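Peer 1: Give me coordinates for this.
(chains A and B)
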Amino acid sequence: MHYVKVVLGVLLGITVFLFLDYALPSKNTVRVTNTYNRLTDIGANSMFYAAADTGTVQNAQGQRDIRFIETVRPNGKVFVYRNEDTGWIWPPYFKYDSSNLQAEATNNRSDSANPKWVSVTGYGWRIPMFSIYPNAISMRPVADAQAAPLNWPAMMILLVLGALLALLWRMWNQFRERTIDPAARRVSAAVDNVDARADAAMDRVGQEFTEAREGFTGWLDTWKGKPRDPK
Amino acid sequence: MMVLLRLVLFLFIVEVIFYLLLTIYLRSTKREALEDEWDRRHPDRAGDSAERSAFVRRSMVGFQKTLKARLVGLVFILPTIAIAVIAWFVNVQ
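Peer 2: Residues are numbered from 1 along each chain as shown, chains lettered A, B, ... in the order given. This next block holds a predicted model:
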């Protein structure tokens, strides 16, 4: 049982970490090299694309016209963002300006000879095997490739989540202290009460049985000429 | 438009849940503080009793009107403002 709990706890921790790693905003300093849109097949990986009701249009074959932003990181490796509206519920970025963002990205295009670095805020993972792209949320120009702006939105979200967790924990403790524990005490007192009464009844039965037996053996003994035990 | 309405409805339901939870929590802590207060004032009659319950009930009258209880209403305002601010900063350059 202990190991089951440990395994479940570790799995929960990994799930929470992956969930936050995917959904929280992250900032990358990159150089935009190209922007385009492309008819994209969306199949089993649809979970990693915008929801169907966020202004996206799909054709009969289930393909979606999606905007992409190709970038190069300071270390020379490439990184591709998709640029989709997030809609109004999940993930809660409330982004509906992907056209503007695409225009901004196009405006910031540069080549390696004359680099123009931008800090792109986005969320999600790049998993080439499943054609999964992170979604770009916003971008702003930075001075050079070494610029690493503070990712304060993610910090604030984590702080708020932590405060919420602490609040729920305190609420639960208060509920347990004031509602569950007294109820448990009442139940256990009632059980004790029933138990004590059952014990008393058993005692009385036992006592009466002993008395009856003593009376009977006393009566038998009178046959052997013994005097009855005066009780 | 329907999507926005769905968000509003969803947000409202979550806010109502948190409002109720916070109200219950706050009242519970207040009642506990009042019980402790009674025990401190009457060390000879400490512990659960009809008198103490009556005292707590009397003292809880008007609690919903206090500033502390009214501030729970912020649970309807702050998340809504937060969402509006996020939407503003994400979409407006």
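
Peer 1: so what does the helix or strand where residue A:121 lies touch, helix or strand wise?
Peer 2: Using DSSP states H and E, residue A:121 sits within strand A:117-123. For strand A:117-123, the helices and strands in contact under the criterion 3 or more C-beta pairs under 8 Å, 6 or more residues apart in numbering or on different chains; DSSP states H and E are strand A:26-41, strand A:135-141. Backbone N, C-alpha and C define where each C-beta goes, glycine included.

Peer 1: Let me know which of those strands is tucked in deepest.
Peer 2: Looking across the helices and strands packed on strand A:117-123 with neighbours counted as mean count of other C-beta atoms under 10 Å in any protein chain shown, the highest average goes to strand A:135-141: a mean of 21.

Peer 1: Point out where chain B drops to low pLDDT.
Peer 2: By pLDDT under 70, the weakly predicted segments of chain B are B:93.

Peer 1: Around chain A, which positions in it sit nearby?
Peer 2: Residues of chain B found near chain A (C-beta under 8 Å from any C-beta of the partner chain) are B:3-4, B:6-7, B:10, B:21, B:25, B:28-29, B:31-32, B:83, B:86-87, B:90-93.

Peer 1: Show only the entries of the residues you listed found in helices.
Peer 2: Mapping these onto helices (DSSP state H) picks out B:3-4, B:6-7, B:10, B:21, B:25, B:28-29, B:31-32, B:83, B:86-87, B:90-91.

Peer 1: what about burial for these, which qualify?
Peer 2: For these, a neighbour count by 16 or more other C-beta atoms under 10 Å in any protein chain shown gives the buried set as B:7, B:21, B:25, B:28, B:31, B:83, B:87, B:90-91.

Peer 1: neighbours of residue B:64, just the number please.
Peer 2: A total of 13 residues lie near residue B:64 under the criterion other C-beta atoms under 10 Å in any protein chain shown.

Peer 1: Residues contacting the strand holding residue A:121, please?
Peer 2: By C-beta atoms under 8 Å, 6 or more residues apart in numbering or on different chains, the residues outside strand A:117-123 that reach it are A:22-32, A:69, A:71, A:74, A:81, A:91, A:93, A:108, A:134-145, A:147, A:149, A:153.

Peer 1: which of these are close to chain B?
Peer 2: Cross-checking those against chain B (C-beta under 8 Å from any C-beta) gives A:93, A:137-138 as the overlapping residues.

Peer 1: Tell me the one of the residues you listed nearest residue A:100?
Peer 2: When those are compared for distance to residue A:100 (C-beta to C-beta), residue A:138 wins out at 9.5 Å.

Peer 1: if I read this right, that closest one contacts residue A:100, doesn't it?
Peer 2: No: the pair formed by residue A:138 and residue A:100 falls short of the contact definition of C-beta atoms under 8 Å, at 9.5 Å.

Peer 1: Show me the residue at the heart of chain B, geometrically.
Peer 2: With distances taken as C-alpha atoms, centre = their mean, residue B:23 lies nearest the centre of chain B, 2.9 Å away.
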